[in-house]
Every structure is written in C-alpha cells, then in structure tokens.
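take this sequence and fold it.
(2 chains)
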Amino acid sequence: DIVMTQSPDSLAVSLGERATINCKSSRSVLYSSNNKNYLAWYQQKPGQTPKLLIYWASTRESGVPDRFSGSGSGTDFTLTISSLQAEDVAVYYCQHYDSTRAFGQGTKVEIK
Amino acid sequence: QVQLVQSGAEVKKPGASVKVSCKASGYTFINSAIHWVRQAPGQRLEWMAWINPAYGNTKYSQKFQGRLTITSDTSASTGYMELSSLTSEDTAVYYCAKDRGGPIDYWGQGTLVTVSS
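Numbering: from 1, shown residues only, chains lettered A, B, ... in the order given. Here you go, the predicted structure:
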C-alpha cells in the first residue's frame, strides 16, 4: 500500500497569514493514462466528519473558499491557505485514491 | 440530498466481532463505491476497504486482510462492515463514505465501537 506522510504534524499561524502543509507519497500518484494526480485534501473540524477541499491535487471542491489551493505532482504535494481565518482551525489530511486509499497522518492547524 | 445513515454504537468484548450497517439515500446506490474508514480517539483517519455495489468487488487495506469483510445489499441500498477478532486497538469511530469515482464526497455520521472486557 502507498504510504502518505505529511509535514508538519502541527502548525500555528497568525490570522491573515499563510499556512502551508506538505504531503509526500511513497510512490507516484500521477497516472500517465490521463495525466492526473490521484490526490485529495480534506478538512476535519473537531467533532465533525471530514470535508473534501481539493481533488486531482489542485481542483477546488464547489463551495470551498478560494484561499484554499492545492499544488504538486507525482509524489510531492502542498495545501496552502493563503490567509488563515479563525474558522480554518482544523486537522487537514491528504489522501491518495487509486485502487487502494491511504490518508496522511494529519496536520493540526491552530491560531498563533 | 445524499445521506449515509449508520447503525448505532456498539460495545464488544475482546475476541468478538462487530457488524456496522450504512444505509444510503439521495443517489443511485450502485453508481458509487462505499468506503469504510475508522478513526481511533484523537488519531488519524485510517482507510480500511471499499466495495463497488454494482458488481460486489472489493479492495481491502493489507492491515485488515483476513478479519474484515465488507458487503452490500443493492435492494436495500445498504453497505455492511464486519470486523472480527476485536482487540482494544479496534476501539474507534467507524465511518462509511461514498466516492464519486475518485475522492470521497459524503460521509456517514460514524459509529463508535468500543472494545472492552
């Protein structure tokens, strides 16, 4: 199974500042057949189920604020929150989605 | 609207099995895979398996091979997850979820399974 590793495990960012989360997969999740990266990002707030933010590594889900963006290809990916808001406090997970699935260990985002 | 409604909390003794159900509504059941994901208290999301209800084919995480069985009943639009040989390490919230041919887009409310002697 593919292993997903996120960094850092947690970060504290001031309101309005940028938050950057990294995700590395143990093998490439880029498929040459369609040139797509099978990588998604989720947000999980305390006591809630995860919410899909980004899929195909960089496509924002409908209704997700444009301060959230995803980038990267192959094995290295990044989720960026361009201007952190109080409601963005959560744990963020990356996940690959080919024949099997795996989540990263999560990154906890807090306000500094 | 899409809903995935799971069965209620369970308390099991070590060595026992647990079966959790997940009733889907608001979409065509056979058009989306059903996934099972668990989350131990304060821990990460852990993907367990998926099933394609249209054909009944499944894929399991290597970690759970041999003691996890997932099934679906298309007539009832319901998925099932059965985990056997439970230990305290299996204490977790178990979620069902559906995908849309890739990422997971809807989640059930979760079922707390507690394993305790």
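
residue ranges with poor pLDDT in chain A?
Within chain A, not a single segment meets pLDDT under 70.

residues contacting stretch B:68-76, please?
Stretch B:68-76 is contacted from outside by B:23, B:29-30, B:34, B:36, B:48-51, B:53-54, B:56, B:58, B:60, B:78-84, using C-beta atoms under 8 Å, 6 or more residues apart in numbering or on different chains. The way it works is simple: take the backbone N, C-alpha and C, and place the C-beta from them, glycine included.

let's see 6 Å
B:30, B:36, B:49, B:51, B:53, B:58, B:60, B:79-83 (C-beta atoms under 6 Å, 6 or more residues apart in numbering or on different chains).

just stretch B:97-116 next, same as before
A:40, A:49, A:52, A:55, A:97, B:2, B:4, B:6-7, B:9-12, B:14, B:18, B:20, B:22, B:32-35, B:86, B:88, B:90-91, B:93-96.

repeat that for stretch B:22-38.
Contacts for stretch B:22-38 (C-beta under 6 Å, 6+ apart): B:1-6, B:45-54, B:70, B:74, B:77-79, B:81, B:92, B:94-99, B:108.

show me which positions of it end up buried.
Buried positions in stretch B:22-38, judged by neighbour count with 16 or more other C-beta atoms under 10 Å in any protein chain shown: B:22-24, B:27, B:29, B:32-38.

what of stretch A:62-72?
Residues A:64, A:68-70, A:72 are the ones in stretch A:62-72 that count as buried (16+ other C-beta under 10 Å).
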